[in-house]
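Engineer: Next come a sequence and a model predicted from it.
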Amino acid sequence: MKHCIAALFIILIFEGCTKTQSHQNQITKIELSRTGGESDDGAIISIDSNLICNYYGRLDNSKSEHYYSGKITAAFWDTLNKRVEQTKFKSASLNSNSHVSDSEEFELIIHSKTGKNRFLRIWGRESDPVLEFMIWLNGAYKKAKLTKAADSIKFEAVIRNPPMPKLDHVLFLPPKP
């Protein structure tokens, strides 16, 4: 009887060690878009539960944007899921209340098994956990092994750089790039 109890105890310990952690949010895909600052024209990154990472932007100080595709590690996907859980998106507001001109705008779309949520933030004076997550995710393409895609990639996020305003009423035109 003692041997059965000891064997059962050992089996339970090993069973607990081999179970993978299931995340409460059950993310299937996450996509982040941002407008450009003074140094670039914005970027979009999309990562899904199959560990596929798609990116549109500049890599390695390239002069123009390109489409890239690659893979992230399972460990990075777990880190992303943990960061989403810690950010508590369910109680976060969808939009930022601050209005700051000439600053980067972020759009985050989180797909889960129960639907999707879209969050908008402006990188300005105030910070919140959602904006901090967006800034962290903005650099996630550096964790992926990306190669230039042969064709364009369709993204759902729509924020990038807004088109130039009509200049027919402007007295002093901006310089041409």
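Structural biologist: Perfect, I can see it now.
Engineer: Now the helix or strand hosting Phe133: average pLDDT?
Structural biologist: For Phe133, the host element (DSSP states H and E) is helix 129-138. If you average the pLDDT over helix 129-138, you get 88.
Engineer: same check, this time on stretch 85-98
Structural biologist: Averaging the model's pLDDT scores along stretch 85-98 yields 64.
Engineer: swap in stretch 57-70?
Structural biologist: Mean predicted lDDT for stretch 57-70 stands at 84.
Engineer: Report the buried residues of it.
Structural biologist: Gly57, Arg58, Glu65, Tyr67, Tyr68, Ser69, Gly70 (16 or more other Cβ atoms under 10 Å). Bear in mind the C-beta positions are built from the backbone N, C-alpha and C, glycine included.
Engineer: This structure: strands as residue ranges?
Structural biologist: 27-34, 43-48, 52-57, 66-71, 105-112, 115-122, 145-148 (DSSP state E).
Engineer: what comes into contact with the second one?
Structural biologist: Residues external to strand 43-48 that are found in contact with it (Cβ atoms under 8 Å, 6 or more residues apart in numbering): 28-34, 36, 53-58, 65, 72, 77, 80, 137-138, 140-141, 144, 153, 155-157, 160.
Engineer: ok so, going back, which other helices and strands does the helix holding Phe133 contact?
Structural biologist: strand 27-34, strand 43-48, helix 74-87, strand 105-112, strand 115-122 (3 or more Cβ pairs under 8 Å, 6 or more residues apart in numbering; DSSP states H and E).
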